[in-house]
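*Asks:* Mind looking at a prediction? Sequence and model below.
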Amino acid sequence: MTREFRTVVADLTYTECPRWHDDRIWFVDFYTYRVLSVREDGSDLRVEAEVPEQPSGLGWLPDGRLLVVSMRDRRILRRETDGSLVTHADLSAYATGHVNDMVVDDRGRAYVGNFGFDLMGGADLATASLVRVDPDGTVTEVADDLWFPNGSVLTDDGTLLVDETFGNRITAFDVADDGSLTNRRIWARFGDLPSTDLATAVGQAVVAPDGCGLDAEGALWVADATGGRLLRVREGGEILEEVPAGTGVFACLLGGADGRTLFASAAPDFHEHARKQAREGSVIATRVEVPHGGRP
């Protein structure tokens with residue numbers, strides 16, 4: 001299906017992790033090392049934090065303090081009420097690659113993935129673990145053997161969905177009251193598991209699910225990191241809608257005043273060297289019929 005996109009913010013390096021919060025769309029710009037927010041119409045751009053080791057996933061504690069992934073030093077940072085950033089959790093004992101996306105539940109528990117290998121260095125693929133960071137900063141490994149655990153969401157009935165970008169699939173877990181994960185299962189399968197050779201694996205990606213966001217009907221909007229499209233997917237893997245973006249897209253989320261604006265992080269590709277040298281990244285948006293659901 002064809003939908004019309006508008007540009008919300010342009011002239012950035014590589015945007016990721018859009019979040020609708022306090023009537024603004026929040027996101028990160030990898031290679032200017034900033035957390036940014038802007039109004040729905042693109043006005044009033046603000047710098048919310050600067051993260052020298054490269055920001056990624058965003059979320060909020062119940063008291064309103066921001067959590068942000070610091071990718072390269074494998075930490076979660078917390079923005080205090082005075083604006084200062086402090087270490088919320090150190091994930092270096094658990095992450096085998098850059099720490100990546102994150103979803104935070106209503107109790108302040110963060111579920112965080114990592115690359116699992118040196119993506120930008122072209123290393124062979126390796127699986128990675130998912131960790132839970134409790135509000136006091138305690139880190140617990142809650143799942144392993146995930147093929148690049150990336151965008152994640154929590155459904156209203158207590159299910160965690162995790163995109164496995166190089167796994168051609170989305171995996172689901174039931175979240176227990178203590179935050180542990182049970183009943184692991186495939187929520188959507190798009191193709192076979194990959195070769196461990198990176199270049200081969202990219203070519204084997206039927207859908208490379210990256211950042212994602214739920215809607216009120218339980219469908220998941222997914223940015224296809226190798227396909228330049230946004231997909232609306234139902235449990236079981238049926239693709240309900242395919243929206244070509246005309247560029248690479250690497251994350252998406254529903255937000256806006258009525259929850260029906262689909263924001264997406266866009267860039268020509270995800271290659272670090274190219275993105276650092278240019279200002280071709282943006283946040284784009286289109287309108288859809290079914291509003292936001294779940295978390296974030």
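*Replies:* Okay, I see it. Every value quoted in this text rests on a predicted model; they were computed, and no experiment measured them.
*Asks:* Let me know the next secondary structure element after whichever helix or strand residue 160 is part of.
*Replies:* Following DSSP states H and E, one finds residue 160 within strand 159-164. Next helix or strand after strand 159-164 toward the C-terminus (DSSP H and E): strand 169-175.
*Asks:* next helix or strand past that following strand?
*Replies:* strand 181-189.
*Asks:* Please report how far the residue nearest to residue 96 when sequence neighbours are not counted lies from residue 126.
*Replies:* Once flanking residues are discounted, residue 96 sits nearest to residue 116: 5.3 Å by C-beta to C-beta, 6 or more residues apart in numbering. Any C-beta I mention is one placed from the backbone N, CA and C, and that applies to glycine too. Relative to residue 126, residue 116 is positioned 5 Å away (C-beta to C-beta, to the nearest Å).
*Asks:* so where's this structure shaky on pLDDT?
*Replies:* 1 (pLDDT under 70).
*Asks:* any common contacting residues for residue 116 and residue 126?
*Replies:* Jointly contacting residue 116 and residue 126 under the rule C-beta atoms under 8 Å, 6 or more residues apart in numbering are residue 96.
*Asks:* quick one, which of those two is more surrounded?
*Replies:* The residue with more neighbours, out of residue 116 and residue 126, is residue 116; 24 against 14, by other C-beta atoms under 10 Å.
*Asks:* Please enumerate the helices of the chain.
*Replies:* Counting by DSSP state H, one finds helices in the chain at the ranges 198-203, 272-276.
*Asks:* gap between residue 247 and residue 227?
*Replies:* From residue 247 to residue 227 the distance is 11 Å (C-beta to C-beta).
*Asks:* Just the CA atoms of stretch 81-94, as PDB, please.
*Replies:* The C-alpha coordinates for stretch 81-94 follow below in PDB (Å, rounded to 0.1, in the frame of the first residue of the first chain):
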ATOM      1  CA  THR A  81      16.100  15.700  37.800                       C
ATOM      2  CA  ASP A  82      19.000  18.200  37.500                       C
ATOM      3  CA  GLY A  83      19.700  17.000  34.000                       C
ATOM      4  CA  SER A  84      22.900  15.100  34.900                       C
ATOM      5  CA  LEU A  85      23.500  11.600  33.500                       C
ATOM      6  CA  VAL A  86      24.600   8.800  35.900                       C
ATOM      7  CA  THR A  87      25.100   5.100  35.400                       C
ATOM      8  CA  HIS A  88      21.900   3.100  36.000                       C
ATOM      9  CA  ALA A  89      23.400  -0.300  35.100                       C
ATOM     10  CA  ASP A  90      26.600  -1.700  33.700                       C
ATOM     11  CA  LEU A  91      25.900  -4.500  31.100                       C
ATOM     12  CA  SER A  92      29.500  -5.200  30.100                       C
ATOM     13  CA  ALA A  93      29.500  -8.600  31.800                       C
ATOM     14  CA  TYR A  94      26.500  -9.700  29.700                       C
END
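*Asks:* Please consider this matter closed, and thank you.
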